[in-house]
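K.L.:
Give me a model of this one.
(chains A and B)
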Amino acid sequence: MNTRFYHSSIKWRRIHNGINGLKVGDQWCEDPTKVKARVKDFFESRFSGGGSHLVRLDNVGFKSISREDNEMLVGIISEEEVKEAVWNCDSSKSPGPDCFNFGFIKFCWDILKGDVVSAVQRFAEGGS
Amino acid sequence: MLLMMKLISMNIRGLGGKIKRKYISELIKKQQVGFICLQETKCEQISKEKSYQMWGSNEIDWIEVGAVNNGGGIITMWKKDCFELKGFRSGNNFSIIEGIWKVGKPVEITIVNVYCGGSLREKRSIWDEISEIRKNQRIKLWCVAEDFNAIRCAGERRGQNYSANYNSEIRSFNKFIEDSSLVDIPLVGRKFTWYKPNGTVKSRIDGVLVSLEWLEKWPGSKLYAEGRSVSDHCALILKEVNIDWDPKPFRCLDVWQKDDRFKELVRNKWASYDIRGNSLYVLKEKLKRLKFDIRNWNKYVFGDVNKQRVDLEKRVQDLDGKDDEGELSVEDREERRQLLADLGQVRAKQEAILQQKARVSWISRGI
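P.N.:
Numbers count the residues shown, from 1 in each chain, chains lettered A, B, ... in the order given. Got it, this is the predicted structure:
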């Protein structure tokens, strides 16, 4: 067993990747409750939509793709396409903050695929 | 609250003056610290009276390397109820001090106090010397309180024109840290530790390096800096702080996939969730419930691998003991064979979990 090496890698990661505290305004802050609240605020403001600043490109002439390409792009996404996308992702990576990694999704693909594909299709239709 | 590990490292830039000694004295009181490493004392020798005065006690001891022509000089001081000296060696500008840390469960440690204001060549020779000593040292818990006047990356210095010489200094410094298997403890809440009096240059040339064994003993080791006052360097405070961040978030362990029961669990649970709504919502909710169910399964069915290993090893040991007495029945032998097989599996699981946590996937891919 090479546990010593793993243990030291974990120790190294913890000491270098950990957040000890944050600067809130001018104040250095290490209180977990306040740090958590600050992180939440930050991401909340990042992901809240402000519709007023959208750039409009009404009269700009863009190159356009062919009709066939367009149909392929706007058409329904097939199970194979979703599967290919999943298998193209590294198993140790996680698509969302819930921390189910791609290794898990691949391992349980036969169970999950129905719901995953439906969700992707729903998203592509512009649903929310 | 009494902290298990706490020490101060500071380049004081002269300990001869009363104001500086007063500052140290107040710092010791404020931080309630029992061990302190000072660099650039610029004193040939600090008198007993002055030392006792700084600590407000004579139950202290120290190792000093005197300044030469008012340059350099370091002193390492401690309270006798915190640390017991067992041996030391000193070089030109460093002291390597071995002894027993007496706060909490007594443990042997090595503290290196070092200052280097000289050329890159001088630094390299000090690094080589310390590195060599570290390799041959029996005590593995190391802490290097340093002002090497060196930085680890360009971002650690501001305001000075970048010269090619820094690159080789950075490389040599990093190589020293790596070769000595030390870890540079990140500074909490501050970027720089030294400021040129006129304010044009600032850098992070002071630091504390510790060994991995040190981090195993005191995993919450963090490095803080005091505000600048009597010196152009900040005082650094190394202390163990363990902050409770509440329950840890869910992590999907790859090793579950090797357990036959896992896929059945996912299959049964997934089919049992009756959720209505649009399919994005359905997926999100199902994953949320699955997370909850897997968490319970991990706790009650898969179990604590570390504990399983300890239990199995204990049972094997008991049977071995019985064997030594010559009392082992056929059933006992069979049980021991099974236990050893289980132990092998548990150890493999344990290693897989560690590997995933350490994020060293390249090892399994065989580079």
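K.L.:
going forward, measure contacts between C-alpha atoms and count neighbours the same way
P.N.:
Noted.
K.L.:
So which bits of the stretch 151-300 of chain B are right by chain A?
P.N.:
B:183, B:185-186, B:188-189, B:212, B:215-216, B:219, B:243-245, B:250-252, B:254, B:257, B:263, B:266-267, B:270, B:278-280, B:282-283, B:288 (CA under 8 Å from any CA of the partner chain).
K.L.:
7 Å instead, please
P.N.:
B:186, B:188-189, B:212, B:215, B:245, B:250-252, B:263, B:267, B:279-280, B:283 (CA under 7 Å from any CA of the partner chain).
K.L.:
Output the below-cut-off pLDDT ranges for chain A.
P.N.:
A:1-2, A:50-53, A:127-128 (pLDDT under 70).
K.L.:
Can you show me the helices along it?
P.N.:
Assignment of helices within chain A using DSSP state H yields the ranges A:3-17, A:32-47, A:67-74, A:79-87, A:102-107, A:109-124.
K.L.:
okay, those in TSV with mean neighbour count and distance to chain B next?
P.N.:
What follows is the helices of chain A, written out as TSV (neighbours: other CA atoms under 10 Å in any protein chain shown; distance: least, CA to the nearest CA, whole Å):
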stretch	mean neighbour count	distance to chain B
helix A:3-17	16	5
helix A:32-47	12	6
helix A:67-74	10	19
helix A:79-87	14	15
helix A:102-107	19	7
helix A:109-124	17	4
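K.L.:
care to break chain B down by domain?
P.N.:
B:6-240, B:254-363 (automatic domain parsing).
K.L.:
any idea which of the ones you listed is most buried?
P.N.:
domain B:6-240 (a mean of 18; mean count of other CA atoms under 10 Å in any protein chain shown).
K.L.:
How much space separates B:D254 from A:A85?
P.N.:
20 Å (CA to CA, to the nearest Å).
K.L.:
what helix or strand does the residue sitting nearest the centre point of chain B sit in?
P.N.:
A centroid search over chain B (CA atoms, centre = their mean) returns B:L215, at 3.1 Å, as the residue closest to the centre. Element membership for B:L215 (DSSP states H and E) is helix B:212-217.
K.L.:
any idea of the mean pLDDT for that helix?
P.N.:
In this model, helix B:212-217 has a mean pLDDT of 90.
K.L.:
Output that helix as CSV - backbone C-alpha positions only.
P.N.:
C-alpha atoms of helix B:212-217 as CSV (Å, rounded to 0.1, in the frame of the first residue of the first chain):
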residue,chain,number,x,y,z
LEU,B,212,4.3,16.5,6.2
GLU,B,213,4.8,14.7,9.5
TRP,B,214,4.3,18.1,11.2
LEU,B,215,1.0,18.5,9.3
GLU,B,216,-0.1,15.0,10.4
LYS,B,217,0.5,16.0,14.0
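K.L.:
following that helix, which helix or strand comes up?
P.N.:
According to DSSP H and E, the helix or strand after helix B:212-217 is strand B:221-225.
K.L.:
helices or strands next to whichever helix or strand comes after that next one in the packing?
P.N.:
Per DSSP H and E, the first helix or strand lying C-terminal to strand B:221-225 is strand B:236-240. Under the contact definition 3 or more CA pairs under 7 Å, 6 or more residues apart in numbering or on different chains; DSSP states H and E, strand B:236-240 sits against strand B:6-11, strand B:221-225.
K.L.:
can you tell which of those is closest to A:E125?
P.N.:
Closest of the helices and strands packed on strand B:236-240 to A:E125 is strand B:221-225, at 49.9 Å (criterion: CA to CA).
K.L.:
hey, where'd the strands end up in the stretch 201-350 of chain B?
P.N.:
For the stretch 201-350 of chain B, the strands defined by DSSP state E, counting those that start in this stretch cover B:202-203, B:206-211, B:221-225, B:236-240.
K.L.:
Export those to TSV and append columns for distance to B:W101.
P.N.:
Below are the strands of the stretch 201-350 of chain B laid out as TSV (distance: least, CA to CA, whole Å):
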stretch	distance to B:W101
strand B:202-203	32
strand B:206-211	15
strand B:221-225	15
strand B:236-240	14
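K.L.:
Among those strands, which comes closest to A:W28?
P.N.:
strand B:221-225 (11.5 Å).
K.L.:
Tell me how chain A divides into domains.
P.N.:
According to automatic domain parsing, the ranges for chain A are A:20-48, A:78-128.
K.L.:
between the ones you listed, which one is nearest to B:Y115?
P.N.:
Nearest to B:Y115 among these is domain A:20-48 (27.7 Å), distances taken as CA to CA.
K.L.:
Let me see the contact set for A:R122.
P.N.:
Residues counted as contacts of A:R122 (CA atoms under 7 Å, 6 or more residues apart in numbering or on different chains) are B:279-280.
K.L.:
Quick check: it vs B:L287, distance?
P.N.:
In this view, A:R122 and B:L287 are 17 Å apart by CA to CA.
K.L.:
Then B:Q137?
P.N.:
52 Å.
K.L.:
and the residue nearest to B:G16 when sequence neighbours are not counted, what helix or strand is that in?
P.N.:
Take B:G16 and drop its neighbours on the chain: the residue closest to it by CA to CA, 6 or more residues apart in numbering or on different chains is B:C43, 6.2 Å away. Counting by DSSP H and E, there is no helix or strand that carries B:C43.
K.L.:
mind checking pLDDT for the residue nearest to B:D293 when sequence neighbours are not counted?
P.N.:
Nearest residue to B:D293 in three dimensions, chain neighbours excluded: B:K269, at 7.7 Å (CA to CA, 6+ apart). pLDDT recorded at B:K269 is 96.
K.L.:
No further questions, thank you.
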